[in-house]
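*Asks:* Based on what follows, work out the 3D shape:
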Amino acid sequence: MRPTPPILRIESPHSPPGNVIEIACGTGVVTRALAPRLAGDARYTVTDLSQAMLDHASSHQPDDERITWRQADALDLPFRGDAFDVVVCQFSAMFFPGKVTGYSEAARVFNADGKFIFSVWDDIESNEFADAVTHAAASVFPDDPPMFLARTPHGYHDEELIRDQLGSAGFSHVTSERIEKISSAPSARDVALAYCHGTPLRNEIESRDRGALDQVTDSATRELEARFGSGPITGKIKGLVITVSL
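*Replies:* Numbers count the residues shown, from 1 in each chain. The predicted model follows:
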């Protein structure tokens, strides 16, 4: 399954930002897309809570002396205030155990003219692969369906709630845009394996029946093939991009 394409966009009418921090970089897909767009004298601090994810992201990034890799908790960033021009975070705010705390930390570390740009997934019905896998898992456990995908990565898309939480964190200027793209994979099986084996959905499946992982994966493969066909497949993905300032 191809990594999710970045949907964050950093636009400036004058010049690229000089000092950027990325929160929760994950596999580094945004880092690889953003670094080439920054100026030669820019500073780019890339963080993640997991050192293992940082190691993975850095191993796929070309050597770049502008980049500093740093293990850091988004809810307790180890940086002084007013340190950055831009804070970016793609598809991770949904996992913050304290949303307002995370947003407050973002507000603290960027300067008065800075921006915080982040994205979250839209509802699961607008994200076709995840929706298909969720339906397949529910068919195996109809009395207690594993709802991780709908509940967490695709459960935080209420714009009014997000705006209220950003306001509580001190942000006064908020713009948002829903963006739709296409995700692709070599086969339905690749998608089923990615979701069932490579996300916390696996924990929910195994908590119900430790021997059911392959059964759910097979069910997800069949559901995806029924919706998108055999061979290489594509499906719609949709997210919400939020840009905020003080």
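
*Asks:* which ones are touching Arg202?
*Replies:* Counting by CB atoms under 8 Å, 6 or more residues apart in numbering, Arg202 touches 196, 213. C-beta coordinates here come from the backbone N, C-alpha and C atoms, glycine included.

*Asks:* you'd agree it is in a strand?
*Replies:* No: counting by DSSP: H, G, I helix; E, B strand; the rest coil, Arg202 is not part of a strand but helix.

*Asks:* Residue for residue, what is the longest helix the protein has?
*Replies:* helix 213-228 (DSSP state H).

*Asks:* Could you list the alpha-carbon positions for the helix or strand just after it in CSV?
*Replies:* Next helix or strand after helix 213-228 toward the C-terminus (DSSP states H and E): strand 233-245. The C-alpha coordinates for strand 233-245 follow below in CSV (Å, rounded to 0.1, in the frame of the first residue of the first chain):
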residue,chain,number,x,y,z
ILE,A,233,-6.8,-0.6,-6.7
THR,A,234,-7.5,3.0,-6.0
GLY,A,235,-9.9,4.6,-3.5
LYS,A,236,-10.9,8.1,-2.3
ILE,A,237,-9.4,9.6,0.8
LYS,A,238,-10.5,12.8,2.4
GLY,A,239,-9.1,15.0,5.1
LEU,A,240,-9.5,18.3,6.8
VAL,A,241,-6.6,20.8,6.7
ILE,A,242,-6.6,23.5,9.3
THR,A,243,-4.4,26.6,9.4
VAL,A,244,-4.3,28.6,12.6
SER,A,245,-2.5,31.7,14.0
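
*Asks:* Buried residues, strand 233-245. List them.
*Replies:* Buried positions in strand 233-245, judged by neighbour count with 16 or more other CB atoms under 10 Å: 233, 235, 237-245.

*Asks:* and for the longest helix of the chain, what are the contacting residues?
*Replies:* Residues from elsewhere that reach helix 213-228 (CB under 8 Å, 6+ apart): 128-129, 132-133, 135-137, 139-140, 146, 188-189, 191-193, 195-197, 202, 205-206, 233-235.

*Asks:* Can I have the buried ones of those as a PyMOL selection?
*Replies:* Filtering the contacts of helix 213-228 down to the buried ones (16+ other CB under 10 Å) takes a single PyMOL command:
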select buried, resi 128+129+132+133+135+136+137+140+146+188+189+191+192+193+195+196+202+205+233+235
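
*Asks:* Which members of the contacts of helix 213-228 are positioned in strands?
*Replies:* Here DSSP state E is the test, and the contacts of helix 213-228 give 233-235 as lying in strands.

*Asks:* what is Val241 paired to in the beta sheet?
*Replies:* With DSSP bridges applied, Val241 shows beta-bridge pairing to Ser119, Glu177.

*Asks:* Looks like it contacts Ile179 (just checking).
*Replies:* Yes: at 5.7 Å, Val241 and Ile179 qualify as touching, with contact defined as CB atoms under 8 Å.

*Asks:* shaky segments in this structure?
*Replies:* Counting by pLDDT under 70, the ranges of the chain that qualify are 1-15.
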